[in-house]
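Student: Let's see this in three dimensions:
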Amino acid sequence: MEDGLVTLSQQDCHKARIARDSRFDGRFYVAVKTTGIFCRPICPANLPKEENVEYYFDKAQALQAGYRPCLRCRPDSAPSSWAWKGVEVTFQRAVKLIEQGALHHASLVDLAERLGISDRYLRKLFNQYLGMSPKQYALYYQLMFAKQLLHTSRLSVTDVALASGFNSVRRFNDAFKQVMQLSPTQVRKSAAALSESNHIDLAFRGPLDWQHMLNFYRLRAVDGLEQVSEDTYQRHFELQGERGWFSISNPKAGIMRVEFKLDDISLLRSLVNQLRRMFDLDSDILQIEQHLLDIAPKLVKQSGIRIPGVWSTWEAGVRAILGQQVSIKAAIGQLNLLVNTLQPQGITHFPTPSEVAGADLDFLRMPSSRKQTLARFAQFMIEGSQAPLDQWLALKGIGPWTVNYARLRGASEPNCFLDGDLVVKKALNQFPQLSANSASPWGSYATFHCWSHA
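Tutor: Got it, this is the predicted structure:
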């Protein structure tokens, strides 16, 4: 079974099934001998015993073996279509999209079409699982987010309303009073003394080795775009065409406090989603580390190492192209040259594909072939920024290492073991039992733990 560029073994499937890790959803199927049913690994049904389970990497294989598809998780539907996500998972996907603001500028019918179901069925799911309509859920989520901002930020009530997805302050005030039994200004007055800047708290589970993450960023920081101090990471960014900045200092007790500036405050929830991915806040680190310790007892010398992501797969791709066959120091030198040359009046964001494609790259001090690869990559991203990462391999000059690096840091995928990396190869001499297969399904974390031994 192909997991990106890595094959999953039966033992990998077992571990991912027990964890119900949604990141492996659709990459294998679980057939239960005692029921004659096959499911996806995230099926909410009670977990069967391992001796009663068989794994298949294609739904057709399970059908051929005489198993029928589960009616709860619907593995029989086409992969990667939202209809394939099943009953409970369709509901979960709808919840996630609503929390990301799907109903801010689109109708319930639009959301239902995006999910591959009817709006009537979507309403039925919400009534079945939550006892309320999708619009009611969206409203309650908006109001809870607004309440958090009223407590923790210096945003005006108008800005809080916009950041929470309300189009008018009057509607926000009315809804807030009706549900919370308090006005927004009453909540603001009752809040503790506010800081001098806007901030929001992001929760996470398990340990987070902040110094390790800072050290990793510091070595690869772009001057002017990023700033890494003894305990703080800051950077400028562009989000949906709008500019912004954030700063994070020494997370404590399961909370990452983010100070931020954002030109369009209505994009705040999109920023939150991006930061959770970039700093790997949704992983079960203790479970992942236990898996790695079972393979190589001395591999995890620092608990809490998470994937230190970059802003986008585009940025990760550029970093990988500039870093081909050179040291980190040389690669960052070229990256600094690229960013500073394309923004001579001051750095406000990582250069866009259009900015790179429209530039004469002769100023870069690297082989002509690599400049041409960068130009081709920029043009490709202009035309198909949402294309699967595997399609990058069709571009001359881009190989599996570049794609896997983008998976690792740009998409924050969990199972990218860079066994072709020189530092990882050296670590494998120390940990011979470690491999892409044994580290799977959490090969990305094995990669970073190998790097920690350098």
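
Student: going forward, measure contacts between C-alpha atoms and count neighbours the same way
Tutor: OK.

Student: center of this protein, which residue is that?
Tutor: With distances taken as CA atoms, centre = their mean, the residue of the chain nearest its centroid is R277 (3.2 Å).

Student: Is it in a helix, a strand, or coil?
Tutor: Under the three-state scheme (DSSP: H, G, I helix; E, B strand; the rest coil), the conformation of R277 reads as helix.

Student: surely it meets S412?
Tutor: Yes: under the criterion of CA atoms under 8 Å, R277 makes contact with S412 at 6.7 Å.

Student: shared neighbours, those two?
Tutor: Counting by CA atoms under 8 Å, 6 or more residues apart in numbering, the residues touching both R277 and S412 are G309.

Student: what residues does the strand or helix carrying L122 touch?
Tutor: When elements are defined using DSSP states H and E, L122 is found to belong to helix 119-129. The list of residues contacting helix 119-129 from outside it, by CA under 8 Å, 6+ apart, reads V87, F91, L108, V109, L111, A112, E113, M132, S133, P134.

Student: Now, these that are in helices?
Tutor: Residues from the contacts of helix 119-129 lying in helices, with DSSP state H as the criterion: V87, F91, L108, V109, L111, A112, E113, P134.

Student: CSV for these, including pLDDT and distance to I321?
Tutor: What follows is the ones in helices among the contacts of helix 119-129, written out as CSV (pLDDT from 0 to 100; distance: CA to CA, whole Å):
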residue, pLDDT, distance to I321
V87, 46, 42
F91, 84, 40
L108, 94, 42
V109, 94, 42
L111, 93, 37
A112, 92, 39
E113, 92, 38
P134, 88, 44
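
Student: Could you verify that E230 is part of a strand?
Tutor: No: using three-state DSSP, the assignment for E230 is coil, not a strand.

Student: so what's it up against?
Tutor: Applying CA under 8 Å, 6+ apart to E230 gives the contacts L214.

Student: Compute the distance between it and G116, please.
Tutor: When distances are taken as CA to CA, to the nearest Å, E230 and G116 turn out to be 48 Å apart.

Student: likewise R20?
Tutor: Distance check for R20 against G116: by CA to CA, it reads 23 Å.

Student: Filter the contacts of helix 119-129 down to the buried ones.
Tutor: Burial of those was assessed by neighbour count (16 or more other CA atoms under 10 Å); the buried members are V87, F91, L108, L111, A112, S133, P134.

Student: what mean pLDDT does the helix or strand hosting A375 have?
Tutor: Using DSSP H and E, A375 sits in helix 368-384. Mean per-residue pLDDT for helix 368-384: 94.

Student: please begin residue numbering at 577 from this point
Tutor: New numbering, starting at 577: the last item is helix 944-960.

Student: Mind giving me the packing neighbours of the helix or strand just after that helix?
Tutor: Scanning forward in sequence from helix 944-960 by DSSP H and E, the next helix or strand is helix 976-981. Packed against helix 976-981, as judged by 3 or more CA pairs under 8 Å, 6 or more residues apart in numbering; DSSP states H and E, are the following elements: helix 889-898.

Student: how big is the angle separating the helix it packs on from helix 944-960?
Tutor: For helix 889-898 against helix 944-960, the angle between stretch directions is 170 degrees (axes from the mean of the first three to the mean of the last three CA atoms, to 10 degrees).

Student: so how far is helix 889-898 from its chain's centroid?
Tutor: 17 Å (CA atoms, centre = their mean, to the nearest Å).

Student: That one packs against which elements?
Tutor: In terms of contact count using 3+ CA pairs under 8 Å, 6+ apart, helix 889-898 is assigned the packing partners helix 904-918, helix 944-960, helix 976-981.

Student: could I get these as JSON lines with mean neighbour count?
Tutor: What follows is the helices and strands packed on helix 889-898, written out as JSON lines (neighbours: other CA atoms under 10 Å):
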{"stretch": "helix 904-918", "mean neighbour count": "18"}
{"stretch": "helix 944-960", "mean neighbour count": "17"}
{"stretch": "helix 976-981", "mean neighbour count": "22"}
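
Student: Which one, of those helices, ends up nearest to P873?
Tutor: Among these, the nearest to P873 by CA to CA is helix 976-981 (25.7 Å).

Student: then the closest one to PDB, C-alphas only?
Tutor: Listed in PDB are the C-alpha atoms of helix 976-981, where the atom choice follows Å, rounded to 0.1, in the frame of the first residue of the first chain:
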ATOM      1  CA  PRO A 976      11.100  12.200  -4.500                       C
ATOM      2  CA  TRP A 977      13.300  14.000  -1.800                       C
ATOM      3  CA  THR A 978      11.900  17.400  -2.800                       C
ATOM      4  CA  VAL A 979       8.300  16.100  -2.800                       C
ATOM      5  CA  ASN A 980       8.800  14.300   0.600                       C
ATOM      6  CA  TYR A 981      10.300  17.500   2.100                       C
END
